[in-house]
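**Student:** Okay, sequence plus prediction incoming.
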Amino acid sequence: MATETHEDFSEPILPGPGASDYERYLRTDDLLSLQKSPGEQTHPDELLFQTVHQSSELWLKLATSEVERAAAHVTSGDIPAALRLLRRSALCLQFITRQLDMLEQMSPWEYQEIRRVLGHGSGFDSPGFREVRRVTPPLGQAFDGAVRAAGLDVVEVYVRGREHEDLYQLAEALLEWDERITMWRIRHYKVVARIIGDQVVGTQGTPVEVLGKMIHHNFFPALWRARNQLTARAKEEEGEREAEVPGHGV
């Protein structure tokens, strides 16, 4: 008769430091040691500041990884797989935009204590946003290739959307990604203006107003121009239909 064995689920089985497999898999010992200790802080709100920015970098790491994978799927013709990844990416940007609310819970005056220990640190040096700038253009190139392969241009993707549903959904997913980047930039600019002002120089010597100018940058200008072209085309076709009506204009 077989002897019944009982596994001790209280003991970790994964390698590495940590009292449990949860801690070992997520490397929480390392993760939670990345913030300044109370003894190292110049102000207690440094924990808030570091938590917001470090978690943003994690979400951006995920978002840009998914965008890069999505571009590869578009190139290989698997648009449904790309759409699923781009939906994840857009959600990541929503998360980092929303958590900027936390920074507005800091006193503008007390933040000046934190600012003194940031050195030349600036959001312009964010590894996550460097990756956004790196992976987004290839996604647009993959989309352009798919549109050309279908014998279309961007406007026709919308006009004939029912015939090319995947391309239509892909166009909208790219626009969503682009828009979410802009929404993050707008929110970031307003947070900075609320905390340190909009007519001052940042920690890297860059005027805050430069942040405001960046909100007008689009990664996929052709997709935004298509809206103007579609409106103009609709008005033109409407005028042609009216001209065909007997007695119109008499």
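**Tutor:** Looks like it arrived, so ask away.

**Student:** and Glu237, which of the three is it?
**Tutor:** helix (DSSP: H, G, I helix; E, B strand; the rest coil).

**Student:** where do the helices sit along this structure?
**Tutor:** In chain order, the chain shows helices spanning 21-26, 28-31, 46-76, 79-98, 108-115, 127-149, 154-159, 165-196, 209-214, 221-244, with DSSP state H as the criterion.

**Student:** in the protein, which residue is closest to the centre?
**Tutor:** Among the residues of the chain, the one closest to the centroid is Leu93, at 3.4 Å (CA atoms, centre = their mean).

**Student:** count of residues packed around Ser37?
**Tutor:** 8 (other CB atoms under 10 Å). All C-beta atoms are positioned from the backbone trio N, CA, C, and that covers glycine.

**Student:** Not counting sequence-adjacent ones, nearest residue to the residue nearest to the centre of the chain?
**Tutor:** Arg180 (3.7 Å; CB to CB, 6 or more residues apart in numbering).

**Student:** and the one you found, how far is that from Phe95?
**Tutor:** According to CB to CB, to the nearest Å, Arg180 and Phe95 sit 10 Å apart.

**Student:** Could you do Ser89 as well?
**Tutor:** Ser89 sits at a distance of 11 Å from Phe95 (criterion: CB to CB).

**Student:** now swap in Leu139 and tell me
**Tutor:** Note on Leu139: its distance to Phe95, by CB to CB, is 20 Å.

**Student:** These two: which has the busier surroundings?
**Tutor:** The residue with the greater number of neighbours, taking Leu139 and Phe95 and applying other CB under 10 Å, is Leu139; the counts read 26 against 16.

**Student:** how about the more buried one, what does it touch?
**Tutor:** Contacts of Leu139 were listed using CB atoms under 8 Å, 6 or more residues apart in numbering, and they are 67-68, 70-71, 74, 174, 177.

**Student:** low pLDDT regions in this protein?
**Tutor:** Low-confidence segments of the chain, defined by pLDDT under 70: 1-5, 201-212, 246-250.

**Student:** Try it again at 90.
**Tutor:** Low-confidence segments of the chain, defined by pLDDT under 90, are located at 1-11, 119-125, 161, 189, 192-193, 196-217, 236-250.

**Student:** Look at Ala72 and say how many residues are nearby.
**Tutor:** Ala72: 15 neighbours (other CB under 10 Å).

**Student:** closest to Gln105 among the contacts of Leu139?
**Tutor:** Using CB to CB, Trp177 is the member of the contacts of Leu139 that sits closest to Gln105, with 28.5 Å.

**Student:** residues contacting the closest one?
**Tutor:** Contact criterion CB under 8 Å, 6+ apart gives 67, 86, 89-90, 93, 136, 139, 219 as the residues in contact with Trp177.

**Student:** do the same with Glu176
**Tutor:** Under the criterion of CB under 8 Å, 6+ apart, the neighbours of Glu176 are 86, 90.

**Student:** try 6 Å
**Tutor:** If you count contacts by CB atoms under 6 Å, 6 or more residues apart in numbering, Glu176 has them with Ala90.

**Student:** Could you number the chain from 351 rather than 1 from now on?
**Tutor:** OK, 351 is where the count begins now, so the last one is Glu526.

**Student:** What separation is there between it and Arg483?
**Tutor:** Counting by CB to CB, the separation of Glu526 from Arg483 is 18 Å.

**Student:** what do you get for Ala421?
**Tutor:** With distances taken as CB to CB, Ala421 is found 14 Å from Arg483.

**Student:** What of Ala582?
**Tutor:** With distances defined as CB to CB, the gap from Ala582 to Arg483 amounts to 31 Å.

**Student:** Name the residues of stretch 509-519 that are buried.
**Tutor:** Neighbour counts using 16 or more other CB atoms under 10 Å place 509, 514, 516-519 of stretch 509-519 among the buried residues.
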